[in-house]
Every structure is written in structure tokens, then in C-alpha cells.
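**Q** sequence unknown, structure follows:
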């Protein structure tokens, strides 16, 4: 896994992708912090919520080549027939992408230190949103990596990842567009109304933005941590199964 991790992390910086992603993060983080700092607010955590849209658009760049590039260049045949475990391959790629994402968040730590040098701050109000952002990024990376394992086209992988990211993040917005049927007199009408109501409730609760907002509100919930970790584990597992299917095909 270590060799795969080093290979993938190095690959980000042997192409413009890693530099473009970090440049985008540092640019927008700098703008958001300058606005907050000039307004006299000590709450650096506000930056994380503002960065969600940027994360959604940059995540396809991070994940689109994780699996598809190896498949396109036929390098995957070497990996699949090597003595390395498939789980090691997938985890190496996942942690390389997550490391790049975390490097993009490093300036927020510097911002918090700058603010802390001027006023007294509650570091937990910074650490909670930071943890939530890392978990959100991990979940989106795992999803994007799985999508990348399904195709050899980086472009198709990027487009699908962007679409799925939007759906995962803003499910609650789509849920608000669904009209729950009014109470009906017959049993089938009542049953359908309950199904639609339950569906809307699930979309609201499962939306990544809803879970992430709890971290941004300084509410630490182990359930929300487990939720993101479950998404990560599920899609890493699916990526392993996708590679295993190609190994035996």
C-alpha cells in the first residue's frame, strides 16, 4: 500500500492536476479569510462552509484518474497480477487523494493561529468543522474513486463524479422540490403519501450538507462521524470489488 500511496501522490505533482487543485483551494481560502478577518470576525470555521462548492467542483479533478488512467494505459493488468492485495491498491490510492485534499486545507490552520495571536479563540469550534470537512472530502473521494474504477475515460469519470457529488451534497434541496400528497381517503392514497413523506425525510437526513452543517454548528455527534466513515468504507469496498471483478474477467 505504501508504494501505491507514494506513486499516486507523486503522480498528482508530475501533472498540473495537483497544482491546480491546491491553487484553487489556496486562492479561495485566502479570499474567504481576508473577508472574515477584515470584518473583525474571529470565526475561521466559517470558511469551511463557504468552501463546500469549491470542493464539489475540484473533487472530480482529484479522483478522475485514480482508477481510469491505469485502466486506459493497461497498467492495471500489472497491478492486478502483482502480489499486492487489492485492498492495498485501493487504500493506497484513496489515502493519496485524501492527503492532497488535506494539504489543500493546511492554510486554515495558519489562519486560526493568526486569529489566536490576536484574540482568545475556542479551538474546538475550529477543529469540529475541520474534522467534518476532512470526512466530507473522504466520502466524496471514495465515491469518485469507485466511479473512476468503472470506466477507462477520465472525462466520463469526472462528469459522473460531479453529478453524483451534487446529488449527494444537495439532496435536501431536491427533497424540498418534492410535493407530499395531501391526505387521501382511500388506503392506497394514504400509503403513497406516507412513502413520499418517508422518502423526503430520508433525503433530508442523508444529504451530506445536512450532516456537515452539524460540524459547522460546533455540534459533535458520533453518529455523523460514523455516517461519513460508513460512506467511505462502503465505496472503498465497492472499489475493491470492482477491481476483483476485472482481475477474474
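**A** Nice, I can see it. Note that this is a predicted model, so its numbers are computed, not measured.
**Q** in the chain, which spans are helices?
**A** Assigned by DSSP state H, the helices in the chain fall at 2-14, 16-38, 46-50, 52-63, 68-72, 76-80, 86-116, 124-148, 154-169, 171-176, 187-206, 208-216, 222-248.
**Q** Among those helices, which one carries the weakest average confidence?
**A** Note on the helices of the chain: helix 76-80 shows the lowest mean pLDDT, a mean of 62.
**Q** neighbours around residue 109, how many?
**A** Other residues near residue 109 come to 13 when the count uses other Cβ atoms under 10 Å. In short, each C-beta sits where N, CA and C put it, glycine included.
**Q** From residue 237, how far out is it?
**A** Look at residue 109 and residue 237: by Cβ to Cβ, to the nearest Å, they are 32 Å apart.
**Q** and what of residue 205?
**A** 22 Å.
**Q** For stretch 38-58, buried residues please.
**A** 42, 44-49, 51-52, 54-56, 58 (16 or more other Cβ atoms under 10 Å).
**Q** Quick check: end-to-end length of that stretch?
**A** 27 Å (Cα to Cα, to the nearest Å).
**Q** and if you look at stretch 165-177?
**A** This stretch, stretch 165-177, spans 18 Å end to end (Cα to Cα).
**Q** residues in contact with it?
**A** Stretch 165-177 is contacted from outside by 52, 56, 59-60, 139-140, 143-144, 200, 203-204, 206-210, using Cβ atoms under 8 Å, 6 or more residues apart in numbering.
**Q** Stretch 231-240 now?
**A** 67, 86-87, 90-91, 94, 135, 138-139, 142-143, 145-146, 149.
**Q** so can I have a markdown table of those residues showing neighbour count?
**A** Listed next are the contacts of stretch 231-240 as a markdown table, based on neighbours: other Cβ atoms under 10 Å:
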| residue | neighbour count |
| --- | --- |
| 67 | 28 |
| 86 | 18 |
| 87 | 15 |
| 90 | 27 |
| 91 | 17 |
| 94 | 25 |
| 135 | 22 |
| 138 | 22 |
| 139 | 25 |
| 142 | 25 |
| 143 | 24 |
| 145 | 27 |
| 146 | 25 |
| 149 | 26 |
